[in-house]
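K.L.:
Below: sequence and its predicted model.
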Amino acid sequence: MEGSQTDPGLVSLMADNLFNILEDKRFRNGSGTGSFQFSIKIRYLEIIDEEVRDLLSQGNFSVRSPMNVVLNEWEGPTVSGI
C-alpha cells in the first residue's frame, strides 16, 4: 500500500494522480487565477481482526473509543468516528 521511494505504493500513486489532475484542471480553467477551487478530504484507516484504526489521527490507539463500519445511504460503507 505505501511502497518505497523507488517503487511507490498505491497510496502515493493515487495522491500524485489526484493532485496532478487538480493542478491540470486549475490551469485549464483560468490559468491559476483562482476560478477553480477544490477541497480534499482523506480517510486513511486499517481494519485488522474487525478492529478499525484511523491511521491519520495521533495518539495511543488503545485509549480511543471503538469505531464501527456503518452503511451510509450516499457514501456506502463508512466508518463512524473518523
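P.N.:
Great, that's in hand.
K.L.:
only C-alpha atoms for contact and neighbour calcs from this point on.
P.N.:
OK.
K.L.:
Tell me where this protein has helices.
P.N.:
Here the chain has its helices, by DSSP state H, at 10-28.
K.L.:
Check the spacing between the residue nearest in space to the middle of it and Glu75 real quick.
P.N.:
Centroid-nearest residue in the chain: Ile42, 2.7 Å away (criterion: Cα atoms, centre = their mean). Per Cα to Cα, to the nearest Å, Ile42 is found 14 Å from Glu75.
K.L.:
now swap in Gly3 and tell me
P.N.:
Gly3 is 28 Å from Glu75, by Cα to Cα.
K.L.:
do the same with Phe38
P.N.:
According to Cα to Cα, Phe38 and Glu75 sit 19 Å apart.
K.L.:
I'd guessed Arg43 sits against Ser57; true?
P.N.:
No. Contact between Arg43 and Ser57 fails when scored by Cα atoms under 8 Å: they sit 10.0 Å apart.
K.L.:
Tabulate the CA atom coordinates of stretch 13-23 in CSV.
P.N.:
The C-alpha coordinates for stretch 13-23 follow below in CSV (Å, rounded to 0.1, in the frame of the first residue of the first chain):
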residue,chain,number,x,y,z
LEU,A,13,0.3,6.8,-6.8
MET,A,14,-3.3,7.8,-6.0
ALA,A,15,-2.3,11.0,-4.2
ASP,A,16,0.1,12.0,-7.0
ASN,A,17,-2.5,11.3,-9.7
LEU,A,18,-5.2,13.2,-7.8
PHE,A,19,-3.1,16.4,-7.3
ASN,A,20,-1.9,16.2,-11.0
ILE,A,21,-5.5,16.1,-12.2
LEU,A,22,-6.5,19.0,-9.9
GLU,A,23,-3.5,21.1,-11.0
